[in-house]
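In: Need a 3D model of the following:
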Amino acid sequence: MTPPLAAVSDTFFVAPQLTADDIRAAAGQGFTLIINNRPDGEAPGQPANADLEAAAKEAGIAYLFAPVDRRGITPEHTGALERAVDDAPDGKTLAFCASGLRSLLVWSYAEARFGKPVAQIIEEGRAAGFDISGHEPAMTLLFEAHKAPRTEPPI
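Out: Residues are numbered from 1 along each chain as shown. Next up is the predicted model:
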């Protein structure tokens, strides 16, 4: 695989832009889910999402297109990641964007939302080569919301 992979956990990795060949190679490395967090047309020469999705399908890998644009990360992004991981076969997940940072942040927000301590998330990001400490306030809000008792019945 061409781009460097950063291990965030035993089963979640982030990378910069992947190609169709990278996705086909990922199947041989135990990846069962690819998440594309990069909008189409963000940079000249960037592979089209449809081509990457076709490569994943050809390789037997589940695929999610959840682009994070200038508007930022939303609950839809974290929810889509959570559902995709739950629905994918057991194995490793590889999420990518231009540098890997947006993919790491989607994962980090999802982890905080489900109660992982923010300090641990920041350390895991640092170990993967990213400083996400500037996102501590947002992750803390998500973490605190997880701990709060429900005041309304679930939908």
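In: Identify the residues contacting Ala26.
Out: 1, 18, 34, 59, 61, 94 (Cβ atoms under 8 Å, 6 or more residues apart in numbering). Bear in mind the C-beta positions are built from the backbone N, C-alpha and C, glycine included.
In: again but with Val118, I slipped
Out: By Cβ under 8 Å, 6+ apart, Val118 lies in contact with 112, 136, 139-140, 143.
In: repeat for Phe13
Out: Going by Cβ under 8 Å, 6+ apart, Phe13 touches 5-7, 31, 92-95.
In: Next: Ala110.
Out: 78, 81-82.
In: Tell me, how many residues neighbour Leu94?
Out: Other residues near Leu94 come to 27 when the count uses other Cβ atoms under 10 Å.
In: Tell me the secondary structure of the nearest residue to Arg113 once chain neighbours are set aside, please.
Out: Nearest non-adjacent residue to Arg113, counting by Cβ to Cβ, 6 or more residues apart in numbering: Leu142, 4.4 Å away. Three-state assignment for Leu142 (DSSP: H, G, I helix; E, B strand; the rest coil): helix.
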